[in-house]
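[1] Sequence and predicted structure below; questions after.
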Amino acid sequence: DQQVKQNSPSLSVQEGRISILNCDYTNSMFDYFLWYKKYPAEGPTFLISISSIKDKNEDGRFTVFLNKSAKHLSLHIVPSQPGDSAVYFCAATDTNAGKSTFGDGTTLTVKP
Amino acid sequence: KAGVTQTPRYLIKTRGQQVTLSCSPISGHRSVSWYQQTPGQGLQFLFEYFSETQRNKGNFPGRFSGRQFSNSRSEMNVSTLELGDSALYLCASSETATNEKLFFGSGTQLSVL
């Protein structure tokens, strides 16, 4: 039973356009959501997060949207840059249990 | 502050052997989590320790075990290695018990031949 799903294994966008990465979850106990970025041969690094009491959080070119009723999370990158090319992992945390569950990742390629 | 340090960086073992991986968290972080990454499988949760106690455990066989020391350093052990254990093993630390934000090491790439 996969509790966090990223249905798109890969996404390719043109430089300057918007990248939208999606994530769905099933466990209602998740109360904190994050996006991590991973380059080859490195560990994931934190990108942006959102608490379950909010529906939007913005940080520069990155915005995360949370739709609790749909149990859906999305990451918008505007404008996309070639340096954004990486694997993006969606993560959902049950802070009471102290446990984070990750999706399978989406490989984003931004073409110059 | 130094980041999360994992050793060794690369490891080659043969089936049936055992292996121990080490993780030093960021100074002051008391929570350590371990994940396994295989191609197409994302990050699979192994276990999480806080103040030397295992609080959470993933769905891995008993061959996978871990521990945390009083200085928060953690080790993960895999006994009787199988070919399918080949993966990148990632350690992450957090400054809070709720683990909202994880800081990852670069991982140990384990190859089982």
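    Structure received.

[2] Now do the lowest-mean-pLDDT helix or strand in chain A: distance to the chain's middle.
    Lowest by mean pLDDT, DSSP states H and E among the helices and strands of chain A is strand A:99-102, with a mean of 91. Strand A:99-102 sits 13 Å away from the centroid of its parent chain (C-alpha atoms, centre = their mean, to the nearest Å).

[3] from the chain's centre, how far out does the very next helix or strand once past it sit?
    Where DSSP states H and E defines the elements, the next helix or strand beyond strand A:99-102 is strand A:106-111. The chain centroid and the centroid of strand A:106-111 are separated by 13 Å under C-alpha atoms, centre = their mean.

[4] now do stretch B:82-99
    Worked out by C-alpha atoms, centre = their mean, stretch B:82-99 lies 4 Å from the chain centre.

[5] Endpoints of it, how far apart?
    Terminal residues of stretch B:82-99 are spaced 31 Å apart (C-alpha to C-alpha, to the nearest Å).

[6] that older thread, list the buried residues of the least confident helix or strand of chain A.
    Residues A:99, A:100, A:101, A:102 are the ones in strand A:99-102 that count as buried (16 or more other C-beta atoms under 10 Å in any protein chain shown). The C-beta positions use only the backbone N, C-alpha and C, and glycine is treated the same way.

[7] which one of those sits closest to residue A:79?
    Comparing these against residue A:79 with C-beta to C-beta places residue A:102 closest, at 26.8 Å.

[8] thinking again about what came up before, give me the sheet partners of the least confident helix or strand of chain A and which way each runs.
    strand A:86-94 (antiparallel) (DSSP bridges).

[9] which residues sit against the least confident helix or strand of chain A?
    A:3-4, A:25, A:27, A:30, A:34, A:36, A:89-94, B:33, B:35, B:42-43, B:45, B:48, B:55-56, B:99, B:102 (C-beta atoms under 8 Å, 6 or more residues apart in numbering or on different chains).
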